[in-house]
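In: no FASTA, just this:
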């Protein structure tokens, strides 16, 4: 009998996509999808292209916790109590919110609000498999990373581990689905179309998450991070500008550094030319390209992901696969090809 | 009798828009539009929305130089000989190419090719009116700035003059019209749509132009400049990350610095929030917003323009107006409103 | 002293654009802009690109009716009482809603609701200048046409007058600004982007308006009209399929019919090839192309407008100009060039 | 050993997508991809998002015909000789061009050119599985339908079979990928973006194909068919306007007609509301909605497909599956859910 799973908060963009992936997962059985709005509607009425013919139910932990694992896709703050309820009932959880990403509840409090379940922080593992694969395998609670941190950390990790990240500017660009399903002036087509602008200047909430994980890699830096909204639906690009000590590394060594770091990663792809977000649309792949500017000594790293996939839903499934002992890429789709290319 | 003008190279995006503005200019008479391709076609067949019912002619300097001033919209390298021919015949010129932007022909040679008319470099004035208004008034040859330099220099000038630009990263984003009219794989709709990527990494040709003018403002820096292509037609945003000495300036002083620098500028608009390219679409306005990140000490400046307007064609008309003693904003359209706001 | 005008309901897309045009109109003085939401905000905060530095005020007829003419941009139903109040105070009105477009209050009641000011229907003139120019000049109340009727009627009028419209299918396509400023699931970027679908099937409210005016032209038909939403902001195209009696007219005669009908119209442009909405973006121009399909005997007419301009705001200014004895094209911008082409 | 297949003409949009589907097909082995341009390049350099790490080779029938089946994705006219060469060598073929769609070579000659392999027309089967499933199973040469005919015929087939199609207008809208990979003025981003227009007026080459197949269904009509280009990459919508004898059928009967026709079809989905092309993006599904307009007696049917998938590549794989005795949906992805809904 396959493990049974549920998605709590399936009416939003990331929860609905998670439900789509789990509904067609060859080794899992999707038992329930719940929502805070739209209860009683069919998920494939809300999202015809996901083709998940299940009804959105109101959350009832006593009934819905009868699963082996769950993905929680609630907003920040609202997630913690639900996660706590699931953990009390022994359910393994991947949480898509920010509630368990920051290890220090004081930092969480400074950037978000008072933490609702600080007692669970100790067991939470940061769900970036490329950094914490073994810990995720053993985890009962995984905090799925934010979309910007996912792209930024994968782009910077090899440099950070090598001790080269002393100062970094991350100029990030995201499609509109990252702003969520709520219709607002900011997500109105006429606002976004033929437009382009920065937002969240200068203190976006993904900053402490990126800094925490860079520090864990050995780079204790205060980063500059500015996101921009671009007129496309799914896709995210980070352009990372790293100031290196002069002659710290040449271009060839840079490529080796990245080639070795990601040689066996099924969902990281290296590219000689700057990646486009179209290259990774509807995949769990992060495509990375690293360049050295000899005039300034700076290293520039680009990382492209699909913010709804590797930035949220498909990475949640990748984490679930690891937690449940399944093949890491099952039910997620295509894997990277750059490694195969190298072998040719 | 109004001054007579001509546009040489009117089949491309910037030349055609220049022709549209000059055709309806209240104090100028557009006598001819020439082109290297599409000779014999009506300009309003090629560009119905410009509504310029003139025929594209093959260039014949003996005939077409019978004007008071001309705008040359040829590609880099091809412009210099045409400009030289016009200057020999006493015609005042605004040149849209890069051929007369760099004062040092050796620098030009390094980034482009051997210069075809180095003897004219001495009389060329860099056509950014906000920096060189008086020089442009007296000039016979004006080198219209590149689109990226226009936005970058207007965004950085107040900081550079104050001695605050010791290191800068410019992350630039442009719509597709900046790539020109030639249909290529890069400009194919299917390539650009739902996509987003960097290009020209790490040595884009606008770098020496920006560095030359920053140096003239007192900031002798080696910049990092990376442009990105975004899925929209007209619009350009530069996000400038300036590393300051700690406590060099606080947020209030920053706003004063910019407020004073641009108080009387008809085409510079200051904004408290990050500008969108839609705010300046089809205008000659550069909209600027400056922010200080107290966590890192960095200053972040955003500058938004329409790459075809302030980045090329309408700035050329602004320069023509200055050269011919006309009101600076004539025939260009709307002017900035932020100054008026301040007065309220 | 120039005539004084006001815009009531300036927070929406069409009201705001009307305010922009009137604020810069060379012969009118814009005295006030009112709104039902966003009272107290500056109009150029809401719409930076319109650059109208006026504050949105709450409507106070006693104060705001002290103008010579007004444009009312309220939703259907809400407009009638405001219009009535203005007319009582002797103010000339252009109304952008549907409230005074249908001559028969019973028809209005069937498609909308009970009419709030049926007593004013007698004095209302349908504001399509190409059909009712003289009546508009003498009118005190003008009902500005809907966007779809504007394009459809201009596309079909010559055929209808000639007695050729016995049956017609109008397949219409509109950009998203036609759906208004309210953020809803339907106007969310992620809903519209890369999408395309019909809506209002099969009974869109513009049907009785088109049928009323076709009947006035001599074509008493029951039309099929289906609008579609396309992923662009401004622009509307109608594709009209007219079944003719066989050999009623050949292609040459068709072109003559249209050429004569629109020879002197400043804002109608004829084109040999199917028009694109980009050709008329941000203009008051309707661009029309007529084709005969010899295989089926059908005539196909395309009409392209900017739904916010000729479909609403700039047509309102065109009507105001006529009512106030000003040049018809003043303050509206570019006029059609096809007539000039014919003369060459 | 799985059947071996090849794609001839894999550098274009449809050929490349076919290669992607076949490369990951669980029961087929993709042996070769050939191209007329870009020989020697890796397919995943040209199309990173397809992730097919195979080299494009120059066609050599003696070598490449050593397969069980092939998909030919050459332009019209160029396909016939290649298909003939493959058939001589006993290879089963799905041809994506128009060369074998029209049964009468005289009709082909009138709309295209002289036929290059008329002797093969007798064995060619029209590859719309929903109409010719059994014939395709037995076929050695399948002519894959055009994208517009696919959507139009699926939308109209139930009505045509019932004898209700006496007159029809098809207003079609397609994304830009339908225009192919060649960069031209028509496919330039700046031409298409924020634009919308008809093309191929009034004699598009898909007309005879639609008429031939409607006749085969019992509807011997002369259709009006007008395609439009819309600013999106993949997706196609047909809006079909069918004039019925009055009271021929009521709305309930219409739904029954369609429900019965498509009850067991894995790739046809019925919808109560007009379908959006986003609902079927990157699927082999045609989503259909049928409506009766009681005012006019007309029936309006909408059909939405992805022009590159059901309109070309995935339908080719569907046909290959049938020809090779494999499950019809293998390697194609998601199937329709409307039938399952009915069962709930």
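Out: Structure's in. What do you need? Small disclaimer: the values here were computed from a predicted structure and weren't measured.
In: and chain A, which residues reach chain D?
Out: A:24, A:42, A:44, A:48-49, A:51, A:53, A:193-194, A:271, A:275-276, A:278-283, A:287, A:334, A:336-337, A:340-341, A:344 (Cβ under 8 Å from any Cβ of the partner chain). The C-beta positions use only the backbone N, C-alpha and C, and glycine is treated the same way.
In: now with 6 Å?
Out: A:44, A:48-49, A:51, A:53, A:279, A:334, A:337, A:340-341 (Cβ under 6 Å from any Cβ of the partner chain).
In: which residues does residue A:168 contact?
Out: A:223, A:240, A:242 (Cβ atoms under 6 Å, 6 or more residues apart in numbering or on different chains).
In: switch the residues you listed over to JSON lines, and while doing so, append secondary structure, pLDDT and neighbour count to every line.
Out: Listed next are the contacts of residue A:168 as JSON lines, based on DSSP: H, G, I helix; E, B strand; the rest coil; pLDDT from 0 to 100; neighbours: other Cβ atoms under 10 Å in any protein chain shown:
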{"residue": "A:223", "secondary structure": "coil", "pLDDT": "97", "neighbour count": "23"}
{"residue": "A:240", "secondary structure": "strand", "pLDDT": "98", "neighbour count": "25"}
{"residue": "A:242", "secondary structure": "strand", "pLDDT": "97", "neighbour count": "25"}
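In: nearest to chain B among the residues you listed?
Out: Nearest to chain B among those, counting by Cβ to the nearest Cβ, is residue A:223 at 7.4 Å.
In: skipping its backbone neighbours, what lies nearest that closest one in space?
Out: residue A:168 (5.3 Å; Cβ to Cβ, 6 or more residues apart in numbering or on different chains).
In: could you check the pLDDT of that neighbour?
Out: pLDDT recorded at residue A:168 is 97.
In: for the host helix or strand of residue A:291, name the packing helices and strands.
Out: Element membership for residue A:291 (DSSP states H and E) is strand A:286-292. Helices and strands touching strand A:286-292, by 3 or more Cβ pairs under 6 Å, 6 or more residues apart in numbering or on different chains; DSSP states H and E, are helix A:251-261, strand A:268-270, strand A:299-305.
In: compare these and give me the one nearest chain C.
Out: Nearest of the helices and strands packed on strand A:286-292 (Cβ to the nearest Cβ): strand A:299-305, 17.1 Å.
In: for the following helix or strand past that closest one, what is the distance to the chain centroid?
Out: Reading on from strand A:299-305 to the C-terminus, the next helix or strand found by DSSP H and E is helix A:313-323. Relative to the centre of its chain, helix A:313-323 is centred 10 Å away, using Cα atoms, centre = their mean, to the nearest Å.
In: again, but for stretch A:114-128
Out: On Cα atoms, centre = their mean, the centre of stretch A:114-128 falls 16 Å from the chain's centre.
In: mind listing what's buried along it?
Out: In terms of neighbour count (16 or more other Cβ atoms under 10 Å in any protein chain shown), stretch A:114-128 has its buried residues at A:115-117, A:120-121, A:124-128.
In: ok, and what's touching stretch A:271-280?
Out: With Cβ under 6 Å, 6+ apart as the test, stretch A:271-280 has contacts from A:235, A:237, A:287, A:289, A:302, A:304-306, B:194-198, B:201, D:48-49.
In: fine by me, we can end here.
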